[in-house]
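# Predicted coordinates and the sequence they were generated for:
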Amino acid sequence: MIGERPAQIELLKKSRRSGWHPNQVYHLIKVFVHDWLKLIEKNSDFAVTIKDLVPSLPDADDMKGLGKAAFVYGYLNESREWLEKAFREVKDCTAKEENDVKHAENSPLDLANILGLLGRVYFFQKNQQLAVATYEDGMKIDPNAPELGQLKKVLESPDPASFTPEVREYQQNMTLLCSRPKHQRQSEVRPYHVCRYHAGLYVPYYRYKEEILATSPFASIIYDVTSDSEIAAFQNYSKKRLQDGVITDGLSKGELNYDYRASKLAWVFEQDFPEADRLSRRIAAITGLNAEIRPPTENSTAEPFQVVNYGLGGHYYPHRDSFDLDVERKNSKFTLYGNRLATVLLYLTDVEMGGATVFLKAGISVTPMKGAILMWYNFDPNLEQNPLTYHAGCPVLKGHKWIVNKWIWTAGNMFLRPCGLNPNSTHLDVEHFLFSRK
């Protein structure tokens, strides 16, 4: 029996301690990454019992996912073990199922991606020679594998330390911020954390209820921005168009699907239905920025709406919305758009537990509130990227989460929001320029 073995008892105790409070669910994942290998290697009969109960655990995808998670969290030894096992599993399956056309199409890409991850693990374990050899092996299998591209960046970078997994520090902050009680926005009281009635454009007598969370990065919540009927319109239009969430690095052809975003999304244009056009105009009135979508040949000032649905466990790991400046210089589309100056995030639903938006370096946590907007600037007024804008979406632990993103670009807004009188000017210092125009 399982209960007769001290190792298993300890694992279950650790799992219960970690998972007892829902906001500590990530700790349970770490326990699994650390202890599973030891458990199945030292207790073969226990492993057989588990596999009898859940025959698909762990399969090649599980192994790859755990290996990547361990790498992201900085546990290189565990990552190496899982990825090497995943590689052998996929290779064995390929040999056994050569007649399976679908498997034959997917397995080279899977193998190459696993080698790309393994190469990065070897590199950060100070085994550069093995990392290079792994990269060369992967290129022979499928040179277009995204993970090989990431490995190439590491191998060619003059500053490889910049690719070191930062998530261990982020994870500690994320655990703290995601565990924070609802409506506790910040870890400390700050003098600029204030509430005000904010005047927008176009309707001089109307005031928006705003809570300013920080000035660097400038971030604020605007309450009661949209109605239930508008929310329903966005959800109903998007439900049949939702696809797995993807990300882009700004240079790759197409989009990349990564494990650190668990969501489904759809794109909505202003002309798709009347409520979308009204919301776009309202965002322009609230922010004072130009949020217009223009034809592809002209300089657009914003992206279409991105509607995102996070189910149970849905999350988004630490990231920054704006693109790196070297990407901006290399990609021709940035000559039309510039970069993502500001992010406007509209919450379409409340969330019973979890799902907060957290700024890991700024110590800010925002619980989803139906009808409210969370808005922040990715750049300071002098158009330097603000490093404090790294943020994440906490896992949804109970309920579901719907949001709408709107990214406003520097193109078309450069002269609406000037730099300020000195390099240290904040967005509050230049705000009056935005709303003084007619």
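Done, it's in. Residues are numbered from 1 along each chain as shown.
# For the closest residue to His183 other than its chain neighbours, give me its contacts.
The shortest distance from His183 to any non-neighbouring residue, by C-beta to C-beta, 6 or more residues apart in numbering, is to Thr367 (6.2 Å). In short, each C-beta sits where N, CA and C put it, glycine included. Contact analysis of Thr367 by C-beta atoms under 8 Å, 6 or more residues apart in numbering lists Lys182, His183, Val351, Gly355, Ala356.
# For the residues you listed, which PyMOL command selects only the ones that are buried?
Here the buried members of these are turned into a PyMOL selection, burial being counted by 16 or more other C-beta atoms under 10 Å:
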select buried, resi 351+355+356
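# Which residue ranges of the stretch 151-300 of the chain form helices?
For the stretch 151-300 of the chain, the helices defined by DSSP state H, counting those that start in this stretch occupy 167-178, 228-239, 274-287.
# The longest one: which residues count as buried?
Neighbour counts over helix 274-287 (16+ other C-beta under 10 Å) mark Glu275, Ala276, Leu279, Ser280, Arg282, Ile283, Ala284, Ala285, Ile286, Thr287 as buried.
# quick one: the third one and Asp429, what's the gap?
Here Leu279 is placed at a distance of 28 Å from Asp429 (C-beta to C-beta, to the nearest Å).
# Please apply the same query to the first one.
In this structure, Glu275 and Asp429 are separated by 34 Å, where distance is defined by C-beta to C-beta.
# pLDDT weak spots in the protein?
Scanning the chain for pLDDT under 70 picks out the ranges 1-58, 72-74, 94-106, 158-172, 186-191, 245-262, 294-299, 325-337, 437-438.
# how close does the nearest residue to Phe218 once chain neighbours are set aside sit to Leu76?
Of all residues not flanking Phe218 in the chain, His427 sits nearest, at 4.0 Å (C-beta to C-beta, 6+ apart). His427 sits 40 Å away from Leu76, going by C-beta to C-beta.
# Comparing these two, which residue is more hemmed in?
Between His427 and Leu76, His427 has the larger neighbour count (other C-beta atoms under 10 Å), namely 23 against 18.
# and the more buried one, what does it touch?
Applying C-beta under 8 Å, 6+ apart, we find His427 in contact with Thr215, Phe218, Tyr377, Asp380, Pro381, Arg417.
# who does the helix ranked longest in the chain touch, helix- and strand-wise?
Of all the segments of type helix in the chain, defined by DSSP state H, the longest one is helix 101-124. Counting by 3 or more C-beta pairs under 8 Å, 6 or more residues apart in numbering; DSSP states H and E, the packing neighbours recorded for helix 101-124 are helix 60-72, helix 76-96, helix 128-141, helix 146-156.
# Looking at these, which is nearest to Ala372?
Closest to Ala372 of the helices and strands packed on helix 101-124, according to C-beta to C-beta: helix 60-72, at 30.5 Å.
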